[in-house]
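In: pasting the sequence and the predicted coordinates here, then a few questions.
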Amino acid sequence: MELKDAVALVTGAGGGIGQAAALELARRGADIAVHYHRNESGASETARLVESLGAKAAVFRGDLSRLDHGRALVASVLERFGHIDILVNNAGDLVERKPLLEMTEALWKQVLDLNLSSAFYVTQAAAAGMIERKRGVVVNVSSLAAHNGGGPGALAYAAAKGGLVSLTKAMAKELAGKGVRVNCVAPGLIGQTSFHDRYTARDAFAAAEKTVPMGRAGTPEEVGRVIAFLCGPDSAYLAGETIEINGGMLMR
């Protein structure tokens, strides 16, 4: 129970990596603010599972591509729980695969706002309380796409996730001396998520899986455990780092 009495806000926690992170944090003692945008049933299920582990849970909705929604989310969580110790910026989406010459301005901005601006908006709102209390952890969820440019038609998503890695470093430099640690994870090919169900054909996923040195796709739970590690005391001297979780697909 290393996170007992901590409150964690996990964005995009209606399934996949977000849900896995929320459950792992709950197993380690944290109460969970479960955020969703469209997947209300998934968020409710996450909250139910969190409570089955003995932790408190509450569900919050918001379109985090909008600054006002990001601020309203943090205000609602503070009203419900009183403080935020952990923020996991997991919300994001590919939206649609589009090659360079077909990319519209609207889609470009939508993808960047969903995956990059959202993390800035929510962190900015949550950081004030963390700085005041001189304690807090932020974990951003990037992607292997940040380093390899992503799959076909994913250039906006890759750009946003690459920006998230740099944003992590910049925020870590600014906040580390104020008691707030900021780190990042970059998952590779992760199965059991709606992301690949929607955007990757089964044969393409199977072909990609064969390129993983460990011989398989990862699981949301394996990513969730690394996120929880970054939120706990064993990572107390880590700041500005991006941990690659990809079974050896990218080694740096």
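Out: Received, thanks.
In: find the centremost residue of this protein, please.
Out: residue 90 (1.9 Å; Cα atoms, centre = their mean).
In: secondary structure class for residue 35?
Out: Here residue 35 is recorded as strand under DSSP: H, G, I helix; E, B strand; the rest coil.
In: quick revisit: the residue nearest to the centre of the chain against residue 17, yeah?
Out: Yes: between residue 90 and residue 17 there is a contact under Cβ atoms under 8 Å: 5.9 Å. All C-beta spots, glycine's among them, are computed from the backbone N, C-alpha and C.
In: now do the strands in the stretch 1-150 of the chain.
Out: Applying DSSP state E, counting those that start in this stretch to the stretch 1-150 of the chain gives strands spanning 7-10, 31-36, 57-61, 86-89, 136-141.
In: okay if I get these as a markdown table plus mean pLDDT, mean neighbour count and distance to residue 70?
Out: Below are the strands of the stretch 1-150 of the chain laid out as a markdown table (pLDDT from 0 to 100; neighbours: other Cβ atoms under 10 Å; distance: least, Cβ to Cβ, whole Å):
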| stretch | mean pLDDT | mean neighbour count | distance to residue 70 |
| --- | --- | --- | --- |
| strand 7-10 | 98 | 29 | 11 |
| strand 31-36 | 98 | 27 | 10 |
| strand 57-61 | 98 | 18 | 11 |
| strand 86-89 | 98 | 30 | 10 |
| strand 136-141 | 98 | 26 | 13 |
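In: of all these, which one comes closest to residue 176?
Out: strand 136-141 (10.9 Å; Cβ to Cβ).
In: least trustworthy helix or strand in this structure by mean pLDDT?
Out: helix 194-199 (a mean of 81; mean pLDDT, DSSP states H and E).
In: for the helix or strand just after that one, C-alpha coordinates in CSV please.
Out: Sequence-wise, the next helix or strand downstream of helix 194-199 (DSSP states H and E) is helix 202-209. Output in CSV follows, covering the C-alpha atoms of helix 202-209 (Å, rounded to 0.1, in the frame of the first residue of the first chain):
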residue,chain,number,x,y,z
ARG,A,202,-5.7,-7.9,-37.8
ASP,A,203,-3.2,-9.1,-40.4
ALA,A,204,-1.2,-5.9,-40.0
PHE,A,205,-1.2,-6.3,-36.2
ALA,A,206,0.0,-10.0,-36.5
ALA,A,207,2.7,-8.9,-38.9
ALA,A,208,3.9,-6.2,-36.5
GLU,A,209,3.9,-8.7,-33.6
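In: off-centre distance for helix 202-209?
Out: Relative to the chain's own centre, helix 202-209 is displaced by 24 Å; criterion: Cα atoms, centre = their mean, to the nearest Å.
In: for the least confident helix or strand of the chain, output the C-alpha coordinates as CSV.
Out: Only the C-alpha atoms of helix 194-199 are listed here, as CSV (Å, rounded to 0.1, in the frame of the first residue of the first chain):
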residue,chain,number,x,y,z
SER,A,194,-9.6,-0.4,-28.6
PHE,A,195,-6.9,1.6,-30.4
HIS,A,196,-5.7,-1.3,-32.6
ASP,A,197,-9.3,-2.7,-32.8
ARG,A,198,-10.2,0.5,-34.6
TYR,A,199,-7.1,1.5,-36.5
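In: report the buried residues of that helix.
Out: Neighbour-count burial for helix 194-199, counted by 16 or more other Cβ atoms under 10 Å, picks out 195-196, 199.
In: just those residues now: which is nearest residue 104?
Out: Using Cβ to Cβ, the buried residues of helix 194-199 come closest to residue 104 at residue 199, 17.7 Å.
In: now the closest one: how far from residue 145?
Out: 11 Å (Cβ to Cβ, to the nearest Å).
In: for residue 180, same thing?
Out: 27 Å.
In: also residue 154?
Out: Distance from residue 154 to residue 145, by Cβ to Cβ: 6 Å.
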